[in-house]
Structure formats: structure tokens, C-alpha cells
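**Student:** Quick one: sequence plus predicted model below, questions after.
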Amino acid sequence: MSKSTRNSKSGRPKRKYGGRNKREGRVLALTLTFFVVLVLGLYALYQLKNNISPDKTSPAVTTQKMSGLVKEADHIIAGAFFDLGISIKDIESKKIYKKEEGGVRWEYKDIRVHAPEGVGGKDIKDVFKKSFSGKNSFKREFRDSGDSLTAELKANGYKTHSIKFELRSRGTPPDKIAKAEKEAGAKKEPQQAQESIATPESDSGKEKPDHGAYKPRVAIIVDDIGMSKEPIDKLLELPAPVTFSVLPNLPYSKYAAEMARNKGWEVMLHLPMEPMESSGYTAADAGKDALLVGLPKEAVLAKLDKNLSSVPYIKGVNNHMGSKFMENEELMEVVLEEIKRRGLFFIDSLTSSGSVGYKTALSLGMKTGKRDVFLDNSSKEVSYVKSQIEKLVELSEKNGYAIGICHPYPGTVQALAETIPLIGSRVDLVPVSGVLTQGREVSER
């Protein structure tokens, strides 16, 4: 073999090894280029996310939608205040500002609140978290400064509410609380005058005058529903919700429940119970399936089950008559435990001053309430019912909420139709579930 041939063969592996190095180099360069492009792309997305709000660029965000979200937030906040025991007297001020951004207009609200004694920052955070649970359009942020807590609320990325809670330390002596409230009252007028020209941070919004804090809440329950169709249809024409309390097994019981549900109104079972003989009524007057004091517990529960099953869509229960049964603590505990087990609330109609219904429901940790005013017990005349509605409104203005009970009499329906539009500027008429408490007494009233 010639020398040239040997040199040629010995050089082949070297050329092959050099070619592999070049290919591996190209692969490495392409891989590095890919990772550089990937990192730069991720960084660009990160910057885009932090500088542009997807909610605000969405064409679905409109002035009308924001207006609805602000109103929804108002109702949720009012419910949270109620759960915290915050009433009108605790709300120092509420300022409303007109906002506009990107062609979207909405209201921004700046609220100052004195938290009740014993309510701390954790309580406020827990209640707000629960109240806004599942409300994906809203986002909450809290700023804690020790003696105060500020809750910031955004809807679709737009800031709608700022609520500053002035906190009282737990166990503050009553005399110091009274002194602090007195001093706050003395400073209130000049402070509000100064705030009237203030504007929120980062926006020179235009302030709209406001006459107070969130409106008091009024719930009106119409008992004895189900005997006739005509009053049901007339009640359904009212311009604000009332709560139907439906008697079981009447000709129009299911019709009333279905129609109220279709309208978005609440339905309750008007549960027949035994009255006192001195009331002028007998057990037979309450209904054939009335709960009677002389029955064994098993029979009481069987009747209760039959009554609960007879009316669809119920959210709660209140007593029909029952002045005798409602004074029996042992039987009321049996009945209320079953009502609670089914996830229903209970309203004590207070047909007897000795009723233990409300107190027992509270002790069981139930959502509960009690009647404040009977609107048509003493008279069915339109003028009398209107005077009782005024009493109900005044009571709500004093305590923050009130529950009225009435019946589907023609005069009552007329009084409601004529009065409800007039009280709308003073109170919010809400379903009865919007004025319930749970596990503690909010007001002796």
C-alpha cells in the first residue's frame, strides 16, 4: 500500500469527528436560541400582565355593568355590616365620587366606620371573605395599621369602595368608649366639612352629596298565603320584594310558591301551631296538621315533615298562630333542630310575649329573626296599615333593620302598593333573609 493511500485512510476519522462537532455546535446554538426566545417571551407576557388589566380592556366592561356591580357590592357590604353588628350609628360618613376611565363610568364610595366593641380586624376580614365568596368579579385587599383596618374593593379591576374601620380594643371599659364617642361626635361636623372637598387618591373625582350611610333594611312577610289566587297575583305586582309565607295544603299553596320563586322572591312555610285558648282560637283553627303541645315528639316531627314537604322552594319557616306551642321550650328545641338540619332559617312571629322561638333558635346557632311590627292585626283599613308601615320604617331607621308581618287583605295590598314607592328613598326593602342574625343577639329592640 502506498504512503499516500495510508495517509488518506488515516485522515478519515479525523474529518468525521470534526463534522460531528459542527453538528453538535449547531444543535447547541439552536437550543440556546430557543431558550433565549422563550425567556424573552415570558418576560414580555409578565410585563404585559402587570401593566395592562385584562378586565379593563375587555369589551364586556360597560358603564351599565359597572353600575350593576357597584349596587351588588353595596348589598353585599350592607349584609357584611349587619353580620358584624354595625348599624347606622356606627357609620361616621360615606362619600360618593363619580369616576370615569376608558369610557366607563361608575361610582366610587369612601366609607368611615367605627367598629363595634369586640369586633377586630380578623372578624372583619373573615366576614368580608365569606360575604364575597364565589363573587369572581370582585377582589378585596386589606391594609392594617393597628388601630384601624381599611378594606379596598375592586370590581372588574376598577376600584369601587374604600372602607376604613376604626377599631376598638377588646375589653375597652364602657366609660372610655362613651368618652371616645362623645369626642368623635364633637369633632364630626368640622371633619365632614373638610372631607366634603377631598378627592380619592389618583383621581380628582367629582363628589355627589349623600345624606347618610347605607339605608336601613326593611323586610315584609305576608302570612296566610295560599287560600285565594287573586291576592297572590296582586302582591306579585308590587314594585319591591316581599316574602311569601305560605300555609300548607291550601288550593293555591304551590301556585304561590312557584310564582314567587319565578319572580326571585323568597318563600317561607307558615307552620301551623297550637294557639292559647285565651286567644279565642282553638287547635282546630290552626289547621289539621298543626303542631300540638300534647303530642309525642315523634308525632310532632311527623307533622313537621308533612308540612315542610307540602310547600316547594321554602327558605325558612315562621309560626302560624302558635301562642301556646311557642312557649314550650322543649318542643321548640325539637322542632328547630329539625328546621336547622334542613338548612332553613326561622322567624318568630311573636304571637305570644312568652314565645321562646327566637331565643331557642339563637342558642342553636340558627339564622333567625323576630317580628317587630304587625301591620294589619288591629285593623285592615288602608290608613291604619300605612301608619304601621311608617312605624316599621322609623324602627328600621333607629335599629338598622326591621321585620314587619301582614296578611293578604285587600286594604293591606293597597297600602303596600301605594306606600312602597314612597319609602324607597329611606329604606331598602329586602327579602327577610337579608335581616337575619345567627347565634347572637344584635339588638334587644
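**Tutor:** All right, it came through fine.
**Student:** and residue 223, what does it touch?
**Tutor:** 245, 270, 318, 320, 349, 405, 406, 407 (Cβ atoms under 8 Å, 6 or more residues apart in numbering). All C-beta atoms are positioned from the backbone trio N, CA, C, and that covers glycine.
**Student:** rerun at 6 Å
**Tutor:** Neighbouring residues of residue 223 by Cβ atoms under 6 Å, 6 or more residues apart in numbering: 245, 270, 405, 407.
**Student:** out of those residues, which is most surrounded?
**Tutor:** Neighbour counts for these (other Cβ atoms under 10 Å) peak at residue 245, which has 30 neighbours.
**Student:** Each with direction, which strands does the helix or strand where that one lies pair with?
**Tutor:** When elements are assigned from DSSP states H and E, residue 245 belongs to strand 243-246. Sheet partners assigned to strand 243-246 using DSSP bridges are listed as strand 217-225 (parallel), strand 267-273 (parallel).
**Student:** just those strands: most buried one?
**Tutor:** Per residue and on average, the most neighbours among those fall to strand 267-273, with a mean of 27 (mean count of other Cβ atoms under 10 Å).
**Student:** one step back: would JSON lines of the contacts of residue 223 with distance to residue 78 and pLDDT be doable?
**Tutor:** Below are the contacts of residue 223 laid out as JSON lines (distance: Cβ to Cβ, whole Å; pLDDT from 0 to 100):
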{"residue": "245", "distance to residue 78": "23", "pLDDT": "98"}
{"residue": "270", "distance to residue 78": "27", "pLDDT": "98"}
{"residue": "405", "distance to residue 78": "22", "pLDDT": "98"}
{"residue": "407", "distance to residue 78": "28", "pLDDT": "97"}
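**Student:** Which member of these is positioned nearest residue 307?
**Tutor:** Taking Cβ to Cβ as the measure, residue 307 sits nearest to residue 270 out of the contacts of residue 223, at 9.1 Å.
**Student:** Correct me if wrong: that closest one contacts residue 250.
**Tutor:** No. With contacts counted by Cβ atoms under 6 Å, residue 270 stays clear of residue 250, the gap being 9.8 Å.
**Student:** Which member of the contacts of residue 223 is positioned nearest residue 231?
**Tutor:** For these, the nearest to residue 231 is residue 407 (9.0 Å; Cβ to Cβ).
**Student:** The closest one and residue 224 touch, don't they?
**Tutor:** Yes. Residue 407 lies in contact with residue 224 (Cβ under 6 Å); the separation is 5.1 Å.
**Student:** Residue 239: helix or strand, and which one exactly?
**Tutor:** Residue 239 belongs to no helix or strand, assigned by DSSP H and E.
**Student:** Next one: it, what pLDDT does it get?
**Tutor:** You'll see residue 239 listed with a pLDDT of 94.
**Student:** For it, which residues are in contact?
**Tutor:** Residue 239 neighbours (Cβ under 6 Å, 6+ apart): 420, 421.
**Student:** before we move on, what about residue 121?
**Tutor:** Neighbouring residues of residue 121 by Cβ under 6 Å, 6+ apart: 144, 149.
**Student:** now it: how far from residue 153?
**Tutor:** 16 Å (Cβ to Cβ, to the nearest Å).
**Student:** how many neighbours does residue 377 have?
**Tutor:** Around residue 377 sit 13 other residues, with neighbours defined as other Cβ under 10 Å.
**Student:** Ok, residue 35 next?
**Tutor:** Neighbour tally, residue 35, other Cβ under 10 Å: 10.
**Student:** what do you get for residue 351?
**Tutor:** Counted with other Cβ under 10 Å, residue 351 comes out at 26.
**Student:** per-residue pLDDT, residue 203?
**Tutor:** Looking at residue 203, its pLDDT reads 43.
**Student:** quick one, what contacts residue 277?
**Tutor:** Neighbours of residue 277 in contact, by Cβ under 6 Å, 6+ apart: none.
**Student:** How are the helices of the stretch 301-445 of the chain distributed by residue range?
**Tutor:** All helices of the stretch 301-445 of the chain, identified by DSSP state H, counting those that start in this stretch, fall at 329-341, 357-363, 382-399, 410-423.
**Student:** Need the winner for burial among those.
**Tutor:** Highest mean neighbour count among the helices of the stretch 301-445 of the chain (mean count of other Cβ under 10 Å): helix 357-363, with a mean of 21.
**Student:** so what does that one touch, helix or strand wise?
**Tutor:** Applying 3 or more Cβ pairs under 6 Å, 6 or more residues apart in numbering; DSSP states H and E, we find helix 357-363 packed against helix 329-341, strand 345-348, strand 367-370.
**Student:** Reformat the ones you listed as a markdown table; add distance to residue 63 and mean pLDDT.
**Tutor:** Shown next, in a markdown table, are these (distance: least, Cβ to Cβ, whole Å; pLDDT from 0 to 100):
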| stretch | distance to residue 63 | mean pLDDT |
| --- | --- | --- |
| helix 329-341 | 43 | 97 |
| strand 345-348 | 36 | 98 |
| strand 367-370 | 36 | 96 |
